[in-house]
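Undergrad: okay, sequence plus prediction incoming.
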Amino acid sequence: MTVIISGISTLLALGPGAEMLARWPVAWITSWSVAFPTVLVVLPIVRRLVSRVVAVQ
């Protein structure tokens, strides 16, 4: 997911070309390094909330 999002964002910011292709890997690793730890923290919280909502119904 981070590859796709960073690719689209980089493409929109720079347009198609060599510069975009050169900067995309840096954008991807930056977005991944933020997204992965965020998922590790947020996922357990979301699972607990969902289980409470589903259990109530």
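TA: Happy to help now that I have it. Numbering: from 1, shown residues only.
Undergrad: secondary structure element holding residue 48?
TA: Secondary structure from DSSP states H and E places residue 48 in helix 18-56.
Undergrad: only the buried residues of stretch 4-21, if you could.
TA: 6, 7, 10, 14, 20 (16 or more other CB atoms under 10 Å). (Each C-beta comes from the backbone N, C-alpha and C, glycine too.)
Undergrad: to clarify, my last question referred to stretch 29-49.
TA: Quick answer for stretch 29-49 (16+ other CB under 10 Å): residue 31.
Undergrad: so where's the chain shaky on pLDDT?
TA: For the chain, the stretches flagged by pLDDT under 70 are 56-57.
Undergrad: again, 80 this time
TA: Along the chain, the parts satisfying pLDDT under 80 run over 55-57.
Undergrad: looking at the buried residues of stretch 4-21, spot the one nearest residue 52.
TA: Using CB to CB, residue 6 comes nearest to residue 52 of the buried residues of stretch 4-21, at 33.6 Å.
Undergrad: does that closest one count as helix, strand or coil?
TA: When classified by DSSP: H, G, I helix; E, B strand; the rest coil, residue 6 comes out as helix.
Undergrad: would you confirm that it contacts residue 31?
TA: Yes - with contact defined as CB atoms under 8 Å, residue 6 and residue 31 form a contacting pair (4.6 Å).
Undergrad: measure residue 41 to residue 34 for me?
TA: Distance, residue 41 to residue 34, by CB to CB, to the nearest Å: 11 Å.
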